[in-house]
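A.B. asks: any chance you could fold what I've pasted below:
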Amino acid sequence: MPKSRNRRRSASNSRATSRPSGRTRAARQPLVAQPAPGLRGKVERASAPALVRLSTLPTFVLPVLSVVLLVAGLAAPPVIGVPVLLLLIAIIAWLSYLSWPAVRGVQRLLRVAVVGLLVVALLGRFGG
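C.D. replies: Here you go, the predicted structure:
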């Protein structure tokens, strides 16, 4: 038998023996190590199931949904467009509120600017 096959076998055997025989699952960690006090903690706890569901979706779903809601809100008649824009503002504001402690500086400014621009677009829909 060629030497290379022997090396591969011995390497695979050593890898197999170095692994633990039984698979153990790590204990589930809570979503938040220390719950925040007051309103933030209530919002975080209430949002946890929705965030877990969002995290299981493919990563492109939320940006595509945001673009669809924005286009629908701006292109549809005001009777349909205003509620759609309100929904988009609520989603963006909710996610921004939850991520606020984790972001700093320019990221915070961008979140406020996006919500502000959406509010301006909403007010523009009211104006006709």
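A.B. asks: could you use CA atoms for every contact and neighbour count after this?
C.D. replies: Fine.
A.B. asks: next up, the contacts around the closest residue to residue 75 other than its chain neighbours.
C.D. replies: Residue nearest to residue 75 in three dimensions, not counting chain neighbours: residue 81, with 7.0 Å by Cα to Cα, 6 or more residues apart in numbering. Applying Cα atoms under 8 Å, 6 or more residues apart in numbering, we find residue 81 in contact with 72-75, 125.
A.B. asks: got a winner among the residues you listed for most neighbours?
C.D. replies: Each of those was scored for neighbours by other Cα atoms under 10 Å, and residue 73 scores highest at 24 neighbours.
A.B. asks: is that residue in contact with residue 79, as I believe?
C.D. replies: No. Judged on Cα atoms under 8 Å, residue 73 makes no contact with residue 79 at a distance of 9.6 Å.
A.B. asks: on that earlier part again, could you dump the contacts of residue 81 to a markdown table with pLDDT?
C.D. replies: Shown next, in a markdown table, are the contacts of residue 81 (pLDDT from 0 to 100):
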| residue | pLDDT |
| --- | --- |
| 72 | 96 |
| 73 | 95 |
| 74 | 94 |
| 75 | 94 |
| 125 | 87 |
